[in-house]
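Q: Would you be able to build a 3D model of this:
(2 chains)
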Amino acid sequence: MTDPLLEVRNLRIEFPTRRGTLVAVDDVSLTIAPGEVLGVVGESGAGKSLTGAAIIGLLEPPGRIAAGEIKLAGLRIDNLPYDDMRKIRGREIGAIFQDPLTSLNPLYTVGQQLVETVTTHLNMSASAARQRAVELLEATGIPAAERRIDHYPHQFSGGMRQRVVIALALAAQPKLVIADEPTTALDVSIQAQIISLLKKLCRDHGTAVMLVTHDMGVIAETADRVAVMYAGRIVEIGPVADVIHRPQHPYTVGLMGSIPSMATDVERLTQIDGAMPRLTAIPSGCAFHPRCTRVFERCTRERPDLMPAGTSRAACWLHEASHLVRAA
Amino acid sequence: MAAILREEKSKGDVAAGSETIVNAEGLAKYFDVSAPWLNRVLERSGRQVLHAVDGVGFTIRRGETLSLVGESGCGKSTVARLLVGLYTPTRGRVEFFGRDLAEMNTAAGRPLRQKLQMIFQDPYASLNPRWRVEDIIAEPLIAHGLVRDKAQITARVDEVLHQVKLGPADKVKYPHQFSGGQRQRLSIARALATKPEFLVCDEPTSALDVSVQAQVLNLMKDLQRELGLTYLFISHNLAVVHHISDRVGVMYLGKIVELASRQQIFRAPRHPYTRMLLDAIPDLEMTGRARTPVAGEVPNPLNPPPGCTFHPRCPHANARCRSEVPALRVVHHAEGSTEVACHAVEEGRI
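A: Numbering: from 1, shown residues only, chains lettered A, B, ... in the order given. Predicted structure coming up:
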């Protein structure tokens, strides 16, 4: 097995507040191999976006990394000084955010923004950088790139803007792209275009992607592996087809059942009663136990770690060897 | 109420015996989005009119769910607002139990108005944060004069809270004490308070997480069965529409381009736009499948293309499509009939 490009070990993100410390991400470990697409899914408040923000060093204070480490190509990046992290951000790790309008500067033309990124990270003259910017825009499928490069973000439609953001993220040919809900703000027909564009560009350049989204359909089409997050922890991680078709954790089972499908007719969707706990009141033991249909005594007491479950790994006592023996 | 509930002849493929509750004909809503007068004079520009909805017609029968689906800006929410009287139509009319909706703002129309309620998209914006749950739910009861005293209010509030699976203890709480899914159940409870027969649901689950969306969709289906409700369901999510609908209308730039039963739309789509939408959706079954990306984007509704507004993105467009606007026509085929607005389908080219 090749060395992982990104390695996150026991990451813990805390928010100190007047009423005590909130733990938003707790003991998250994951790896991404070069060229791999890792999907991270979960409902709002699961900590998936914060994990992404921590990796590119963009955690908003007072949020902070309280424990754990993040390594990019074997090098620790979570404790780097601000200026060193700036050099990595954009050069080694690109970022794509949900709303293309707020991730572009409205006062500069897209060309100026692209040229700035290219000249900052790559040793290029202004005219070469502009040439590269035009190529980038062409690669993302923007028609008449030569002319459009001098337009301002407001002159682009939503889908076109997101293409510009993708061009920006890939400008310095980073090894890893963190894409946080890249298609959520777009219409379905545009969403399809952006997903296939992202897939194609990353395959061509061998870029690894961490794709953060709540849309299981997008993950199914794009990711190689998927991590399911719940209340700040990874509850299941495995190859995408296995997690979708043979989910092992009761939460993943419920999540898959609650997605309406166009392929089958069902009268009722599987529903998970209740809601994700607030950070101020995360239950003891397994955080999912109050909503779990297969809860037993140990779940309320002890917190499960990820353990082998089928071809995936799940954080659930049902998959513990002693439990499996008793059940058999 | 019997006077209002006039039987109406069913038309087309409408099953005999089921009564038409809503009948919209040639509905249009234009918005004047012109620049201010002085700018128009200085820049020598004319008025600009946005045709948000331009000639939409459909019927909804008792107990069924009609969904309108389309991308942002196609006019689906405007139709919802026209149907509950939040907008007055520029052209066309809506009949509700055989009576014109325009009557609704008169004293005689009051009983009609109780029968029609709306659920909005954002449960954070549609509930007054300074009111307690009991006040929120009691407001329509008091406004319509359906209750005489406090005891009646309490009884009805408890009843609807129970219907949406919340407890009487929740009555004294404020909206911020509830999660998103619970808030959406509160807005359903408020809509149910006046015992309506027809609910307009404008993207009721779009702001919710999937597991919570499942709770709300299940609840809406249960309520429909128990109370015999009729829904107009507005959504951009085709999977949700597939789950909840009996019939589906696909909208594009202010017009319905295809209207048929759910099975027809999803199993045998006719209009090229419907086919394109269905192809574009990521589905869990399609792991690894390369999908057909759709070319182009929705044109600017201020300056729509001539003829069929879909023609710049359509692989089947010809000269006629570029000049002549197609009308919604019934097409009969092996599996039944579909209403579709497409020259290519009409000419048998696709």
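Q: Below-threshold pLDDT in the stretch 1-150 of chain B: ranges please.
A: The stretch 1-150 of chain B contains residues with pLDDT under 70 at B:1-17.
Q: And for the closest residue to chain A within it, the neighbour number?
A: Nearest residue of the stretch 1-150 of chain B to chain A: residue B:71, at 4.0 Å (CB to the nearest CB). C-beta here means a position set from N, CA and C on the backbone, and glycine is covered the same way. When neighbours are defined as other CB atoms under 10 Å in any protein chain shown, residue B:71 has 20 of them.
Q: Repeat that for residue B:330.
A: The tally of other residues near residue B:330 (other CB under 10 Å) stands at 12.
Q: Would you mind confirming that it makes contact with residue B:337?
A: Yes - checked against CB atoms under 8 Å, the pair residue B:330 and residue B:337 is within contact range at 5.4 Å.
Q: what sits against the residue of the stretch 1-150 of chain B closest to chain A?
A: Residues near residue B:71 by CB atoms under 8 Å, 6 or more residues apart in numbering or on different chains: A:187-189, B:236, B:252, B:277, B:298.
Q: can you list those in a markdown table and add secondary structure, pLDDT and distance to residue B:194?
A: Listed next are those as a markdown table, based on DSSP: H, G, I helix; E, B strand; the rest coil; pLDDT from 0 to 100; distance: CB to CB, whole Å:
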| residue | secondary structure | pLDDT | distance to residue B:194 |
| --- | --- | --- | --- |
| A:187 | coil | 81 | 35 |
| A:188 | helix | 80 | 35 |
| A:189 | helix | 79 | 39 |
| B:236 | coil | 89 | 28 |
| B:252 | strand | 93 | 34 |
| B:277 | helix | 87 | 36 |
| B:298 | coil | 80 | 37 |
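Q: and the residue most central in space within chain B, bridged to which residues?
A: By CA atoms, centre = their mean, chain B has its centre lying nearest to residue B:234, at 3.5 Å. For residue B:234, the beta-bridge partners are residue B:68, residue B:202 (DSSP bridges).
Q: per-residue confidence for it?
A: In this model, residue B:234 is scored at 94, pLDDT.
Q: these two touch, right, it and residue B:68?
A: Yes - counting by CB under 8 Å, residue B:234 does reach residue B:68; the two are 5.2 Å apart.
Q: Residues that sit against both of these two, list them.
A: In contact with both residue B:234 and residue B:68: B:76, B:79-80, using CB under 8 Å, 6+ apart.
Q: Okay, and which of those map to strands?
A: Among those, no member is found in strands (DSSP state E).
Q: Where do the helices of the chain begin and end?
A: Picking chain A for this. A:48-55, A:82-88, A:110-121, A:126-139, A:145-148, A:158-169, A:188-205, A:216-222, A:240-245, A:250-257, A:297-301, A:321-327 (DSSP state H).
Q: other chain: chain B
A: B:37-43, B:76-83, B:110-114, B:133-143, B:150-163, B:180-192, B:210-227, B:238-244, B:262-267, B:272-280, B:319-323, B:343-346.
Q: Distance to chain A added to those helices, as JSON lines?
A: Listed next are those as JSON lines, based on distance: least, CB to the nearest CB, whole Å:
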{"stretch": "helix B:37-43", "distance to chain A": "18"}
{"stretch": "helix B:76-83", "distance to chain A": "12"}
{"stretch": "helix B:110-114", "distance to chain A": "29"}
{"stretch": "helix B:133-143", "distance to chain A": "17"}
{"stretch": "helix B:150-163", "distance to chain A": "16"}
{"stretch": "helix B:180-192", "distance to chain A": "6"}
{"stretch": "helix B:210-227", "distance to chain A": "3"}
{"stretch": "helix B:238-244", "distance to chain A": "4"}
{"stretch": "helix B:262-267", "distance to chain A": "6"}
{"stretch": "helix B:272-280", "distance to chain A": "4"}
{"stretch": "helix B:319-323", "distance to chain A": "19"}
{"stretch": "helix B:343-346", "distance to chain A": "19"}
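Q: Would you format the ones you listed as a markdown table with distance to residue A:52 included?
A: Putting the helices of chain B into a markdown table (distance: least, CB to CB, whole Å) gives the following:
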| stretch | distance to residue A:52 |
| --- | --- |
| helix B:37-43 | 44 |
| helix B:76-83 | 32 |
| helix B:110-114 | 48 |
| helix B:133-143 | 37 |
| helix B:150-163 | 39 |
| helix B:180-192 | 22 |
| helix B:210-227 | 20 |
| helix B:238-244 | 26 |
| helix B:262-267 | 35 |
| helix B:272-280 | 26 |
| helix B:319-323 | 45 |
| helix B:343-346 | 45 |
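Q: Residue B:203: which of the ones you listed is closest?
A: Comparison of the helices of chain B against residue B:203 by CB to CB identifies helix B:76-83 as nearest, at 7.5 Å.
Q: and that closest one, what other elements does it pack with?
A: strand B:20-32, strand B:49-61, strand B:65-69, strand B:198-202, strand B:230-235 (3 or more CB pairs under 8 Å, 6 or more residues apart in numbering or on different chains; DSSP states H and E).
Q: hang on, the earlier thing: closest one to chain B among the helices of chain A?
A: That would be helix A:216-222 among those, by CB to the nearest CB, at 3.2 Å.
Q: Just the buried residues of the closest one, please?
A: In terms of neighbour count (16 or more other CB atoms under 10 Å in any protein chain shown), helix A:216-222 has its buried residues at A:216-222.
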